[in-house]
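Novice: Quick one: sequence and predicted model below, then my questions.
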Amino acid sequence: MLVSQPEKTSELPAAAIATQLSPMSRGGEMVYIPDDSDFSSFRDQCESLEGWHCRYNKAGVTVWSQGQEESCTVQKIKTRISCKDVPAETLYDVLHDTSYRKKWDSNMIETYDIGRLTVNADVGYYSWKCPSPLKNRDFVTLRSWLPLGNDYMIINYSVKHPKYPPRKDFVRAVSLQTGYLIKANGDGACVLYYLTQVDPRGGVPTPPQGSLPKWVVNRVSQFVAPKAMKKIYKAGLKYPEWKRRHDPEYKPWVYPEQNTLPSVSLAELSVQHADSLENIDEGLVCVRERVGLAWDGHGVHPDSSQSGPDRRVHPCSLG
């Protein structure tokens, strides 16, 4: 199906778009749509090195982790990859296009948009596979995006929607803050940042202070994050040809006139807190065995070779 290309919307400040819905609250319990200050803060976190510890730096991919204050439950993980021959606009389309995601995200079970909040914010669902005996995970998130010249940002956090409660066959994970920064880098190239702070819930035991254990951080830093970023890069290289054969003019994230999702009111949503969800005990011993970790009491053993695509811990999702 070919869709006529409407006039592209002008770039509005995030705050101007957000104020189309009111009022917003940042008290921690009420849902709000990110504004300019939220996007600016996210960008600063992506670009800053202060307080970040480099965990991996090889073949154009860098991974950092950041210890959090005691009030935070999990560490932040940040990754960066240089994407030669992939324009920032193309990678932005890749990360939005749910139809194409089925082609490159082998860990995804299902993803769909639930409803729209504004021209640059919606609510969506994402579920992904975990290695047996872990239960698969899912999210319901409020997502917002902002083009800034040749750069782009997409950020999300977990919310509760009354029509999409936790399911018995999934563990409801919680995104405290997750997002992408795509920066144009010369002619036809870009740099992609991915930053996440996610509570995967159950199965990945946390030490008393509440941060992710070192073996999980090491595993994500050395295997999961670099592989995931390279997968997105490869998806960007193949996207233009795929899109030419699949509704090439249909991009509702660029042309909101094409968006036919039902409207969602902020009043229907509430913030999803991890402590309000059922505790899940999936067994530490099974987790270590099934994700292929050579546990030495300190982290991943350098001789660990179990790094296949389906044998991994998922403390963060690319959703």
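Specialist: Here it is on my side, so go on.

Novice: and Leu95, that one's in a helix?
Specialist: Yes: assessed with DSSP: H, G, I helix; E, B strand; the rest coil, Leu95 lies in a helix.

Novice: I'd assumed Gly179 was in contact with it.
Specialist: No: between Leu95 and Gly179 there is no contact, the gap being 10.0 Å when judged by Cβ atoms under 8 Å. All C-beta spots, glycine's among them, are computed from the backbone N, C-alpha and C.

Novice: Please enumerate the shared neighbours of the two.
Specialist: Ile154 (Cβ atoms under 8 Å, 6 or more residues apart in numbering).

Novice: where do the strands sit along this protein?
Specialist: 53-58, 61-66, 76-83, 108-118, 121-128, 136-148, 151-160, 170-172, 174-184, 190-199, 270-271 (DSSP state E).

Novice: With distance to Asp38 and mean pLDDT added, can I get those in CSV?
Specialist: Below are those laid out as CSV (distance: least, Cβ to Cβ, whole Å; pLDDT from 0 to 100):
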stretch, distance to Asp38, mean pLDDT
strand 53-58, 25, 90
strand 61-66, 18, 91
strand 76-83, 15, 94
strand 108-118, 14, 95
strand 121-128, 11, 95
strand 136-148, 8, 95
strand 151-160, 7, 96
strand 170-172, 23, 89
strand 174-184, 9, 94
strand 190-199, 13, 92
strand 270-271, 14, 91
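
Novice: right, and the ones you listed - which one's nearest Leu277?
Specialist: strand 170-172 (5.5 Å; Cβ to Cβ).

Novice: buried ones in the closest one?
Specialist: Residues 170-172 are the ones in strand 170-172 that count as buried (16 or more other Cβ atoms under 10 Å).

Novice: Strand partners (parallel or antiparallel) of it?
Specialist: Sheet pairing of strand 170-172 (DSSP bridges) gives strand 136-148 (parallel).

Novice: What count of nearby residues applies to the residue lying closest to Tyr112 once chain neighbours are set aside?
Specialist: Take Tyr112 and drop its neighbours on the chain: the residue closest to it by Cβ to Cβ, 6 or more residues apart in numbering is Tyr125, 5.6 Å away. Neighbour count for Tyr125, taken as other Cβ atoms under 10 Å: 16.

Novice: pretty sure Tyr125 contacts Met108?
Specialist: No: using Cβ under 8 Å, Tyr125 is not in contact with Met108; the gap is 11.1 Å.
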